[in-house]
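A.B. asks: Need coordinates for the following:
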Amino acid sequence: MAGFIIKKITLPNISIDGLGSYIGGYVGGAATLMAVLKTLKITDKIQKENLIENEKNRQLSLKYKREEFAHKIAEYIAKYINEINVFYYNKLIMKDLQKIKDNRIKALDVLNNNIFNYEKDPLTYEYIDITKNKIYKEHVSFELNLIEKDLNEHTPNRKIANEYYFLLNILLKNISIADSLLLKLQKIHNDIFDYNGNDPNFVEKHTAELRDLTTKFINEYIEYKS
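C.D. replies: Numbering: from 1, shown residues only. Here you go, the predicted model:
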């Protein structure tokens, strides 16, 4: 019969209390690790939420600044349109006043000529009503004085319109979505200066397009994400 060799294994002399502490150490360590991992997960979630919130706040802050800028552009465009309208309608008024002035000067020349001829040779020019001619001359002279004052008051001046024109160009120069607005602004500025027609709707057609482009720019600029 084969023999068996049995090796005697000696277990360390660990008490029940010691074994509990030994196992408890491992369990406690695992629990601590799980708690750390859970904390890291919560921290990561909080950090992500903070990043999202910070980005929202950043976008809101940028949007607020864009709104301020866009409203300032709208204000300058409105003032420019007002000034360029004043310039244009003063051109029309000046044109009409100049025609009236030329007409009155011709009438005054005739009256002066009648008075001169009558006073030089009353018998030859006895058909001239000298009294009426002199009264009419005073009336025409008075009208000419008024016309001169109106001409001075309505002298076309683009100084303020020019200031807003150049200011808008400086502010919008490097903003790509403002390109069409600036092109229209330039066209209006040049066309109204050179226009010599009598169409009262000429400036309104141009400025209506400028207003539409300004509204489009404002809406796009305020909602622009960066």
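A.B. asks: how about the residue nearest the centre of the chain, what does it touch?
C.D. replies: Centroid-nearest residue in the chain, with C-alpha atoms, centre = their mean: Ile73, separated by 2.1 Å. Counting by C-beta atoms under 8 Å, 6 or more residues apart in numbering, Ile73 touches 168, 171-172, 214, 217-218. In this view, the C-beta of every residue, glycine as well, is placed from N, C-alpha and C.
A.B. asks: In terms of helices and strands, where is Leu213?
C.D. replies: Using DSSP states H and E, Leu213 sits in helix 202-222.
A.B. asks: what comes into contact with that helix?
C.D. replies: By C-beta under 8 Å, 6+ apart, helix 202-222 touches 63, 66-67, 69-71, 73-74, 77, 81, 84-85, 88-89, 175, 177-178, 180-181, 184-185, 187-188, 191-192, 195.
A.B. asks: And for stretch 98-118?
C.D. replies: Against stretch 98-118 from outside (C-beta under 8 Å, 6+ apart): 124-126, 128, 130, 133-134, 136-137, 140-141, 143-144, 147-148, 151.
A.B. asks: Now do stretch 133-146: distance to the chain's middle.
C.D. replies: Here the centre of stretch 133-146 is set off from its chain's centre by 49 Å, with C-alpha atoms, centre = their mean, to the nearest Å.
A.B. asks: Stretch 66-75 too?
C.D. replies: With C-alpha atoms, centre = their mean, you get 6 Å for stretch 66-75.
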